[in-house]
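A.B. asks: Sequence first, then the predicted structure, then my questions.
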Amino acid sequence: MNTLRIVIDTNVLVAGLRSRHGASFELLNRLGGPDFLPVVSPPLCLEYEDVLSRPGLVPGFSPQDAADFVDYFMSVSEERRVYFLWRPWLRDPKDDLVLEVAVAAGARHIVTHNTRDFAGADRLGISIVTPNLFLTQLRKT
């Protein structure tokens, strides 16, 4: 059986860490389980840590908490190196960073709250889904 590879956008991590309600939190609770395998690259992990370390973004979260969370996230993820850059494909270079990992890993989905930011990614065979839609699809399988 092929493992379902996904790339999780930073905004989903923030949402899941800010609230214990909703699909983003449920997705984070499923990390390390059998349903999917997150894929990351070193630059994407640095982006995660940079954003999660911003004061006040995740209430009560210190820079050390951010580093610890990213370490855990990496431990339950597959690391991919990106050797071919697809830039500029999207409007935001930080979104290109997410897209490039998905392409390099052969990921089926990018899970994000900002689906419009990834317009055109479907031409590369990648489905752009919200956490809620992704979990709904998982429940159907």
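C.D. replies: Alright, I've got the coordinates.

A.B. asks: Show me the shaky parts of this protein.
C.D. replies: 1, 83-93 (pLDDT under 70).

A.B. asks: any idea where the helices of it begin and end?
C.D. replies: In the chain, the helices defined using DSSP state H lie at 10-18, 23-29, 42-52, 63-75, 93-105, 131-140.

A.B. asks: most packed of those?
C.D. replies: helix 93-105 (a mean of 21; mean count of other CB atoms under 10 Å). The C-beta positions use only the backbone N, C-alpha and C, and glycine is treated the same way.

A.B. asks: list the contacts for R108?
C.D. replies: Going by CB atoms under 8 Å, 6 or more residues apart in numbering, R108 touches L4, R5, I6, I126, S127.

A.B. asks: Show me the one of the helices of the chain that comes nearest A121.
C.D. replies: Among these, the nearest to A121 by CB to CB is helix 93-105 (5.6 Å).

A.B. asks: Which secondary structure elements does the closest one sit against?
C.D. replies: Secondary-structure packing of helix 93-105 (3 or more CB pairs under 8 Å, 6 or more residues apart in numbering; DSSP states H and E): strand 5-8, strand 37-40, helix 42-52, strand 109-111.

A.B. asks: Could you rerun that using 10 Å?
C.D. replies: strand 5-8, helix 10-18, strand 37-40, helix 42-52, strand 78-79, strand 109-111, strand 127-129 (3 or more CB pairs under 10 Å, 6 or more residues apart in numbering; DSSP states H and E).

A.B. asks: Would you agree G33 is in contact with V76?
C.D. replies: Yes: if you go by CB atoms under 10 Å, G33 and V76 touch, sitting 8.6 Å apart.

A.B. asks: Mind checking which of these two has more residues around it?
C.D. replies: Neighbour count, other CB atoms under 10 Å: between G33 and V76, V76 has more, with 13 against 9.

A.B. asks: can I get the helices and strands packed on helix 93-105 in a markdown table with distance to P59?
C.D. replies: Shown next, in a markdown table, are those (distance: least, CB to CB, whole Å):
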| stretch | distance to P59 |
| --- | --- |
| strand 5-8 | 21 |
| helix 10-18 | 7 |
| strand 37-40 | 24 |
| helix 42-52 | 12 |
| strand 78-79 | 30 |
| strand 109-111 | 23 |
| strand 127-129 | 27 |
